[in-house]
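from the sequence below, what's the structure:
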Amino acid sequence: MREPPMLVLHTLWSSRDYLALWVEDTEQRASVPETWQPGVVHNHPRALPLKGLKFPTRLFGAKGYKFNADQLVVEVPTAEGMPVAKGAVAPDSGEVRLMPWRVPVQVIRPEEALGTLLALASFPSKTGHERGAAFWSFAQLASLGTESIARGDVLPTVRIGDDDEPLRGEWRPFLGTDDVQNRLNAVLDRMSPSACTDFIPGLPLPATKSIAEKFLNTCVHGTCRQALTRHELLPRAGLVRGSHPAFPGWLTALAGASRPMPGSLPDTVTFEAQIEGWYRLAENRGRLFRTCLEIDPPRETMAVEDDEGYDVAREVAKENPWQLTIYLQADDDPDYKVSAERIWTNRRNAAFAKDMGIEAPPAVLRSGLDRIAEACPELAPALRKPRVATIALSTRNAHRFMKDSAPRLVELGMTVVLPPWWAQRHETVGLALVASGEDEQSEQETPAASGAFMGKGPTGILDREALCRFQWQVALGDQRISPKELYRLAQMKQPLVQVGGKWVEIDADQMQTALRYFNKKGDEGDIGISEVMRQGLLEEKVPLPLVDFNLEGALARLAAENGSGMDEMDTPELFEGELRPYQKRGLSWLRFLGRLSMGACLADDMGLGKTVQLLALLENTHDDTWARVEADEKFVPASLLVCPMSVVGNWRREAEKFTPRVKVLVHHGSERLAGDDFLKATREHDLIITTYGLALRDKDLLGQVDWRRIVLDEAQNIKNPSARQTQAIRTLKSNDRLALTGTPVENHLTELWSIMHFLNPGLLGSQRDYKNRFATPIERHGDKEASALLRRLTGPFILRRLKTDKSIIKELPEKMELRIFCNLTREQATLYQAVVDDMMRQIKDAAGIARKGLILTTLMKLKQVCNHPRLLLKDKSKMPKRSGKLARLEELLEVILEQNERTLIFTQFSSWGDALSIHLRRKFDEDVYFMHGGTSQKARDRMVQEFQGGNGPRIFVLSLKAGGVGLNLTAANHIIHYDRWWNPAVEDQASDRAYRIGQSKTVQVRKFVCAGTLEERIDKMIEQKKALADAIIGTGEGWLTELNTDQLAELFTLSQDAMVQE
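Residues are numbered from 1 along each chain as shown. Presented below is the predicted three-dimensional model:
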């Protein structure tokens, strides 16, 4: 498709006194006409002919203009006998010079010129349409002329004509101010005479200043005269005695159709000289003044304080109104203002007028006041009083003046000085919530002595359901008033009120909305902590913006980040060990939230000692619990710890080591207690340890106990809120709930909701509300605002410290993470391609669940191929020289064993872990441990103890699920992830079995990746997403099933460099 031609709009002021527009088609091919002769003016070959509707105003967006055409001669750059098109490069040969060419033009009459130019300038440019430089110069001149008319800066003058019309009455723009002159000079600097007017043979081109003045004078006169066509300027009462005989004709000529002034030539010439002198006097009078109004609020206001201590303004008394003061202000020095009072007082003082630099200051002032009265009829009666200097206004009228009248007066060129606060007067009515919780007792005070240790709740100072005191306040900017005072302000029914010494404008609708809310809900009372957090942070069920949320007392420390608001506790006296400073803060935080009966999630990085912090808490409350029992107070049962089976033994041993006084019972195995025996045991022990599986199986038995506290270790086990196991645990009874996890979010944000719903039911609302407000915006759209809000809402109840933070722990050694890229063997590459080909054949006909299942099955098979062909083929074939990963592993282990260091090898396939451990045992002729989901608890404990003690094997193979949590394996300083789990949080959790407190060597973490396979591609995708890991950790593998067929082919296709060259 051919591009539209480049049309350029040219503009000039004709010597025939009209605005001329012509259009150049810069892409029109042109050649020297055969009849061309030097010295003869030819038609411009690129000038667009005026045919039909193609005249310039229509082409460039302005409609409704009559078609008036003419022809003019213009000078344009010419080379080799042809006009040089705008924007074109002149030929190298030949001289470029200005030569005359004839162009067809559209005629715009002077009275229409200003409006036409401004209209054309306001339309957006069409594709291929451009306005030339001269157009923009004339458009800026038109803006100056239009502004002078709008301000009334036009003066009546006379112009000497020819013999038939010796004199004409004319309007001329007054351009005497510095600002206008600067703008005019800037336009003149950009104008070129040849581009702005037509060419008349034998006459030189006029200067740009002459062109601009001619254009402005003619167009302003035409516009003013047309506007005055129906007005009569001649006074009805007759002329002033002694006026010039030409005066009546002059007034008549200034309005209506153009006509010559009557009278003899000598009389009119004399009159012209007088008027021109007057005009020059006005133009050069040295100083211009404009009327200035300054409004001031009442000098004194009567203020009282209400019952709550808020500063309150009473209605201003009638004898103390707002003051509107009148001045004349100098244009050249805005700080120079003369009050109307001084002007009236010195109205006959010539020296005073001379000092001001103007003649008759009272007349100038009265003229300005008359203009104000016309623009503001409500002020007219006061302004027309003799020698008016100030006007008293009520609050309502003052508000009306500042809001409505002041902008109109500024548009007319007046100065209006408003109070400094007026620009910020709009104070949105908002709400401020203050909530305070009962403060903790001093840790030095013993519970037995106080008798009030437990406060309102059975286990803490506050009860979970109805705990803290709240009070609503009304926020007006930075001012706070009580709802009671808001009601008083509403009763005043004033648009402006003074609060705290500041005048504000209050939206009446917002004020009524707030009052209705307080009438319905009350402005103070008691509220649950979860509810106050939701109202304060989510603005739930609040009709107006919540601009402030203040927590006081215990709640203020609750909101402090990372427990920084808590007083640090010492290590319990009988605790067998010494807590690190950050662990003491963690203990203080757990204790604090327990006393508030609020659930806490201790989410410290793996290896920072969540176990010892919990055991220290048990030791700290041990004496409290038994003191109450001995005092015959309400029975306080044991705490319940739910954990994975793999760490039950570790918990028991750690409790025996650090808290020997804490009596522990493991509720597990076929011989576990039941019925009354179990209930009795809960009264005789401090800690009952059970597993997640038994929490579901024995839910009825566990549900009979009102536990001292419930602790979930590896709390991600309840990440699925709809799982029966999760639902069973949520039914257990306790006012003190704790969750321990290094990964509160593994795959989706729903997991965080599930954990928080166990800890503090209702804090995050229903699962549906949480999904709509947080999960979907954050996971799908990366909503930073929602993410920050979720962090604020959950932050008080989640404490997370990282090993990489040197302010937390300084002595932890460095951790190095490496990717080890391995090639496939020929056998692996053949199997890999066969699996991909088989999937691509089936995927064409698969849909829905069947398609997703096929993709996940293929993904699993390809992972198996990357590990070893034997894993996919499920045979007992030989191991060596068939897998690139296995060969690389053997090379690494040879070096590590030579250095007498220990290694953990993680795999997600139990069958491969079994085969690998057997192979490595034979390869290196030493024992290799393998822990998997079927390993008994006794065998697990023995393996960990021997590996850590230094007497066991130096290689430990673990299945990712069975060995990735709850174990302390710091004897190893090498971690190898043989195959990848596409959730980095799970991999990091497994790596932290060795990288934790107690590790003294640099830890090297190696992740095996088969180059050129899906392992490498997915590894890159996960690395790109790690920026979101703090908010959303991992995304599982389900997203792969949503890829289209082409994307799957690209993901699974084997690269050329995948196979090792044999």
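
tally of neighbours for Asp677?
For Asp677, the neighbour count with other CB atoms under 10 Å is 9. Backbone N, C-alpha and C define where each C-beta goes, glycine included.

domain map for the protein?
7-226, 289-300+317-420, 426-439+455-559, 562-799, 815-832+839-1052 (automatic domain parsing).

for Asp805, which of the ones you listed is the nearest?
domain 562-799 (8.5 Å; CB to CB).

from the chain's centre, how far out does the closest one sit?
36 Å (CA atoms, centre = their mean, to the nearest Å).

with stretch 829-838 instead?
Mean-position distance between stretch 829-838 and its chain equals 48 Å (CA atoms, centre = their mean).

hmm, who's touching that stretch?
Outside stretch 829-838, the residues that touch it by CB atoms under 8 Å, 6 or more residues apart in numbering are 824, 858, 861-862, 865-866, 869, 872, 1013, 1052-1054, 1058-1059.

ditto for stretch 877-884
Taking CB under 8 Å, 6+ apart as the rule, stretch 877-884 contacts 822-825, 827-828, 867-870, 886-887, 915, 919, 1010, 1060.

and the domains of the chain, which one is worst for confidence?
For the domains of the chain, the weakest mean pLDDT is recorded on domain 426-439+455-559, namely a mean of 65.

on that earlier part again, in helices only, show me the contacts of stretch 877-884.
827-828, 867, 869-870, 886-887, 915, 919 (DSSP state H).

filter these down to just the buried residues.
Buried members of the ones in helices among the contacts of stretch 877-884, counted by 16 or more other CB atoms under 10 Å: 827-828, 867, 869-870, 886, 915, 919.

okay, buried residues for stretch 331-338 please.
331, 337-338.

pull out the CA atoms of it and give them to me as PDB.
Provided in PDB are the C-alpha atoms of stretch 331-338 (Å, rounded to 0.1, in the frame of the first residue of the first chain):
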ATOM      1  CA  ASP A 331       2.900  44.700  37.200                       C
ATOM      2  CA  ASP A 332       6.700  45.100  37.200                       C
ATOM      3  CA  ASP A 333       7.000  44.500  41.000                       C
ATOM      4  CA  PRO A 334       4.300  42.300  42.500                       C
ATOM      5  CA  ASP A 335       5.500  43.100  46.000                       C
ATOM      6  CA  TYR A 336       4.600  46.800  45.400                       C
ATOM      7  CA  LYS A 337       1.000  47.100  46.600                       C
ATOM      8  CA  VAL A 338      -0.900  50.300  47.500                       C
END
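
going forward can the numbers begin at 31, since that is how I track them
Right, with 31 as the first residue, what we last looked at is stretch 361-368.

so how far is that stretch off the chain centroid?
Its chain's average C-alpha position is 44 Å from that of stretch 361-368, according to CA atoms, centre = their mean.

so what touches that stretch?
Outside stretch 361-368, the residues touching it (CB under 8 Å, 6+ apart) are 207-208, 317-320, 322, 357-360, 386, 391, 445.

which SS state does Met432 fall under?
helix (DSSP: H, G, I helix; E, B strand; the rest coil).

that one: neighbour count?
Using other CB under 10 Å as the criterion, the residues surrounding Met432 number 22.

what's near enough to touch it?
325, 448, 452.

those in strands, which ones?
Secondary structure defined by DSSP state E assigns Ile325 of the contacts of Met432 to strands.

give me the buried entries from the contacts of Met432.
325, 452.

rewinding a little: just put the buried ones among the ones in helices among the contacts of stretch 907-914 in CSV and tack on distance to Lys523.
Listed next are these as CSV, based on distance: CB to CB, whole Å:
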residue, distance to Lys523
Glu857, 90
Gln858, 85
Asn897, 81
Pro899, 88
Arg900, 88
Leu916, 87
Ala945, 87
His949, 90
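
of those residues, closest to Ile241?
Gln858 (85.6 Å).

all strands for the stretch 131-280 of the chain, in order.
Assigned by DSSP state E, counting those that start in this stretch, the stretch 131-280 of the chain shows strands spanning 159-161, 184-190, 197-203.

how about those strands, which one is nearest Met221?
Nearest to Met221, of all the strands of the stretch 131-280 of the chain, is strand 159-161, at 14.7 Å by CB to CB.

other SSEs contacting the closest one?
Other helices and strands packing on strand 159-161, by 3 or more CB pairs under 8 Å, 6 or more residues apart in numbering; DSSP states H and E, are strand 37-43.

show me the contact partners of the strand it packs on.
With contacts defined as CB under 8 Å, 6+ apart, strand 37-43 is touched by 49-56, 78, 86, 89-90, 102, 104, 116, 133, 135, 147, 150, 158-162, 164-165, 167-168, 225-228, 241, 244-245.

what about stretch 133-148, start to end distance?
24 Å (CA to CA, to the nearest Å).

for it, buried residues please.
Result for stretch 133-148 [16+ other CB under 10 Å]: buried residues 133-144, 146-147.

how about stretch 887-903?
888-889, 891-902.

sorry, back to before: can you list the buried residues of stretch 133-148 in TSV and add distance to Leu37?
Below are the buried residues of stretch 133-148 laid out as TSV (distance: CB to CB, whole Å):
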residue	distance to Leu37
Val133	14
Pro134	14
Val135	15
Gln136	14
Val137	19
Ile138	18
Arg139	24
Pro140	25
Glu141	27
Glu142	22
Ala143	21
Leu144	23
Thr146	17
Leu147	18
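
can you tell me how far Asp1009 is from Glu324?
Going from Asp1009 to Glu324 by CB to CB, to the nearest Å gives 81 Å.

which of the two has more residues huddled nearby?
Each of Asp1009 and Glu324 has its neighbours counted (other CB under 10 Å); Asp1009 has more, 22 against 18.

any idea how far the more buried one lies from Val866?
18 Å.

ok, Ala403 next?
89 Å.

of the two, which one has the most company?
Val866 (22 against 16).

all strands in the stretch 981-1092 of the chain, in order from the N-terminus.
Applying DSSP E, counting those that start in this stretch to the stretch 981-1092 of the chain gives strands spanning 985-989, 1004-1007, 1033-1040.
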